[in-house]
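> got a predicted model here, sequence first, then my questions.
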Amino acid sequence: MKKILTSHLSPLASYLLAVAVAMLIFSSCGNHPNVPASSKAVKSLPAIFPDYCNVTVPCNIAPLNFMLPADDYEACVARFTTPDGQQQTYGNGVKVQIPESEWHEMLNASKGKRIKVEVWGQKEGEWLSFNPFEIRVAEQPIDEYVSYRLIEPSYVAWTYMEIDQRNVTSFEETQIFNNEITMNDKTIGQCINCHSYQNYKTDNMLFHVRLSNAGTVLVNDGKVSRVNMKRDYTISGGVYPAWHPTAKLIAFSTNRTRQGFHTLNPNKIEVYDEASDLILYDVTTDSVTVVSNDSTLLEVYPTWSPDGKYLYYCKSVPLPEEMHDKDIRSFYPYIQYNLYRRSFDLASHGFGEEELVYDAAAENKSATLPRVSPDGRYLLFARGQYGCFHIRHADGDIACISLSPLTADLLPLDGLNSEGFADSYPTWSSNGHWIMCSSRRGDGNFSRIYISYFNNGKVEKAFMLPQEDPEQNTFRLKCYNRPEFMVEPVRISVDEFSKVFDK
């Protein structure tokens, strides 16, 4: 270190320099505090938030910062020990926030192994030591980016919303689009949703804009346009999308969607379709063909197999005849969906006969939002008692079946699902080793992102997407909606997206 000469400084300058050096030393010690010299053992795991005790994480994830409850503790110290014996301590007040570079060094030293974590908490002046836990570091990385819509719980109305992308190896979050920049009629508002990408990449992607300045914003080989898929033979324009993995084709459901708001039901909102069909949109020719349009049933949430040879989707089961002429608001709790698929011929764009994949109704359940694993071996979906929007249903969970061989037996996903809270929007990472979902666990109101390690049909304990400040997960009063994995960021700016609304 270069020696600082203070003999020629004024008394005030010398004082300020001494204060600055003391603050620097204090700040450094605050982030790397000493382990308490003495403490009282507590025979339990620490009640840290988020709960990262004994989780399995990707080898490239951002620091798992956490905290002890501020109402119960005055301070927190955590010591991390890597398999090669290196140790580091962290703590600043009740929070443990780890510098990114030091965290990634620990991950690299622990790949395929475990990091030991010991936590001490100071309560009423006394230090308590908790049972240590482990953070298992998988050898498989996670996709570097995820995107999601940020929106209020929307019990009656919503205002501002945005679609953001996050680098999950760090804490960098940037905006893809927001609903204010192009809204030309604030009396009716503007909704943006259903962001979707082709094969995890962003040169071919889309998102919807509804109400004010409505249309589908489409990116085709990096070029932005706004399209309207409504035809005189379809219920609506495209709604829920699924890009074909290799071709310039997008499967959509077309929907006439409604909402109901409850006063006593704890689920608060009911989202249902009065009608829905399936269509195929050809990006190159701007043409729309009908895949399935049974007027007596509801068809929704298409998704492709990774080889593009099958289209999976959800379809409602026939209702008793006495309900056919009634208002759907009187019988929506009886609507249940099964999972189906049709073979697809890329050369002719033709579809084969419908094949039942999973009979949820036979178990008095409803299945929605199917997603096929990148290796084609497994099918994830959301499952609840009824309906097609389980992120609003407290009994909603994520389910998984094997496709190779095809079986109706559910794989155990206890590590991913929560008890008594809605879990929905499941999706796979591009390597198939990580499952991401949106969950209302914790408070029942705000959905946040949870990630689980998936290995040969086995699922590990889910962990919340880490944040630089662990309190951000509490104070950000937004729901994380439709989380999607990406192998690269969206590089088109908000302003560039907005220009298509001027045409």
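That came in fine, so what should we check first?
> where does this protein dip in pLDDT?
Applying pLDDT under 70 to the chain flags the ranges 1-30, 155-156, 322-323.
> part of a helix, is residue 103?
Yes - when DSSP: H, G, I helix; E, B strand; the rest coil is applied, residue 103 is found to be in a helix.
> can you pull the contacts of the residue nearest to it when sequence neighbours are not counted?
Spatial nearest neighbour of residue 103, chain neighbours left out: residue 63 (4.0 Å); criterion: CB to CB, 6 or more residues apart in numbering. For the C-beta atoms, the positions are set from N, CA and C on the backbone; glycine is no exception. Residues near residue 63 by CB atoms under 8 Å, 6 or more residues apart in numbering: 97-100, 103, 466, 468.
> between all of the residues you listed, which two are separated the most?
99 and 466 (13.5 Å; CB to CB).
> these two: which is more packed in?
residue 466 (23 against 13; other CB atoms under 10 Å).
> stretch 407-424: which residues count as buried?
411, 413, 415-418, 421-424 (16 or more other CB atoms under 10 Å).
> buried set for stretch 358-372?
358, 360-361, 365-372.
> endpoint to endpoint, it covers what distance?
13 Å (CA to CA, to the nearest Å).
> chain center to it: distance?
21 Å (CA atoms, centre = their mean, to the nearest Å).
> show me what it is in contact with.
With contacts defined as CB under 8 Å, 6+ apart, stretch 358-372 is touched by 300-301, 303-306, 310, 312-314, 317, 335-339, 357, 378-390, 399, 401, 403, 408, 424-428.
> which parts of this protein are helices?
11-31, 100-110, 472-475, 494-498 (DSSP state H).
> what about residue 396, how many neighbours?
Neighbour tally, residue 396, other CB under 10 Å: 28.
> hmm, residue 420 and it touching each other?
No - under the criterion of CB atoms under 8 Å, residue 396 makes no contact with residue 420, lying 10.5 Å away.
> so what's residue 461 up against?
By CB under 8 Å, 6+ apart, residue 461 lies in contact with 54-56, 415, 452.
> what separation do you get for it and residue 450?
Computed as CB to CB, to the nearest Å, the residue 461 to residue 450 distance reads 10 Å.
> which stretches of the stretch 1-150 of the chain form strands?
Secondary structure of the stretch 1-150 of the chain by DSSP state E, counting those that start in this stretch: the strands cover 40-41, 55-57, 66-67, 75-81, 87-90, 95-96, 114-123, 126-129, 133-137, 145-151.
> so which other helices or strands are in contact with the longest one?
In this structure, strand 114-123 packs against strand 75-81, strand 126-129, strand 133-137, with contacts taken as 3 or more CB pairs under 8 Å, 6 or more residues apart in numbering; DSSP states H and E.
> please apply the same query to the third one.
Using 3+ CB pairs under 8 Å, 6+ apart as the contact definition, the elements that strand 66-67 packs against are strand 95-96.
> for the strand it packs on, packing partners?
strand 66-67, strand 75-81.
> how close does the residue nearest to residue 103 get to residue 50?
In terms of CB to CB, residue 63 sits 12 Å off from residue 50.
> mind listing the shared neighbours of the two?
In contact with both residue 63 and residue 50: residue 466, using CB under 8 Å, 6+ apart.
> sorry, back to before: out of the contacts of residue 461, which are buried?
55-56, 415, 452.
> now, among those, which is nearest to residue 133?
residue 55 (8.8 Å).
> any idea how far residue 481 is from that closest one?
From residue 55 to residue 481 the distance is 24 Å (CB to CB).
> next one: residue 447
Taking CB to CB, one finds residue 447 at 7 Å from residue 481.
> repeat for residue 502
The value you get for residue 502 to residue 481, if CB to CB is used, is 27 Å.
> what's the answer for residue 296, then?
From residue 296 to residue 481 the distance is 31 Å (CB to CB).
> swap in residue 346?
32 Å.
> the two: which is more packed in?
Neighbours per residue (other CB under 10 Å) separate residue 346 from residue 481, with residue 481 holding more: 21 against 13.
> could you pull up the residues touching the more buried one?
Listed by CB under 8 Å, 6+ apart, the contact set of residue 481 reads 148-151, 193, 391, 425, 438, 447.
> redo the residues you listed as JSON lines? Include neighbour count and distance to residue 211.
Converted to JSON lines, the contacts of residue 481 look like this (neighbours: other CB atoms under 10 Å; distance: CB to CB, whole Å):
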{"residue": "148", "neighbour count": "27", "distance to residue 211": "21"}
{"residue": "149", "neighbour count": "25", "distance to residue 211": "15"}
{"residue": "150", "neighbour count": "18", "distance to residue 211": "18"}
{"residue": "151", "neighbour count": "22", "distance to residue 211": "14"}
{"residue": "193", "neighbour count": "17", "distance to residue 211": "11"}
{"residue": "391", "neighbour count": "23", "distance to residue 211": "21"}
{"residue": "425", "neighbour count": "25", "distance to residue 211": "22"}
{"residue": "438", "neighbour count": "24", "distance to residue 211": "23"}
{"residue": "447", "neighbour count": "28", "distance to residue 211": "22"}
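> ok, those vs residue 263, which is closest?
residue 391 (20.1 Å).
> excluding sequence neighbours, find me the nearest residue to the closest one.
Closest residue in space to residue 391, ignoring its immediate chain neighbours: residue 424 at 3.8 Å, by CB to CB, 6+ apart.
> contacts only, for that neighbour.
369, 382, 390-391, 396, 398, 437-439, 447.
> equivalent analysis for residue 430, please.
By CB under 8 Å, 6+ apart, the neighbours of residue 430 are 143, 200, 374, 485, 487.
> how many neighbours does the second one have?
Here the neighbour count serves as a burial measure; for residue 200 (other CB under 10 Å) it reads 19.
> quick check: it touching residue 143?
Yes - counting by CB under 8 Å, residue 200 does reach residue 143; the two are 6.5 Å apart.
> any shared contact partners between those two?
430, 485-487.
> now for the residues you listed: which two are most distant?
Farthest pair in the shared contacts of residue 200 and residue 143 (CB to CB) is 430 and 486. Separation: 8.7 Å.
> overlap in contacts of these two?
143, 200.
> most tightly packed of the strands of the stretch 1-150 of the chain?
strand 66-67 (a mean of 24; mean count of other CB atoms under 10 Å).
> hmm, who's touching that strand?
For strand 66-67, using CB under 8 Å, 6+ apart, the contacting residues are 48-50, 52, 76, 78, 94-96, 470-471.
> just stretch 125-134 next, same as before
Contacts of stretch 125-134 (CB under 8 Å, 6+ apart): 36, 38-46, 52-54, 74, 114-122.
> pull the CA atoms of that stretch into CSV?
The C-alpha coordinates for stretch 125-134 follow below in CSV (Å, rounded to 0.1, in the frame of the first residue of the first chain):
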residue,chain,number,x,y,z
GLY,A,125,-27.8,-8.8,23.3
GLU,A,126,-27.1,-12.5,23.3
TRP,A,127,-25.5,-14.4,20.4
LEU,A,128,-27.3,-17.6,19.3
SER,A,129,-25.7,-20.3,17.1
PHE,A,130,-28.0,-22.3,14.9
ASN,A,131,-27.6,-25.7,13.3
PRO,A,132,-25.5,-25.4,10.1
PHE,A,133,-27.0,-26.1,6.7
GLU,A,134,-25.6,-26.8,3.2
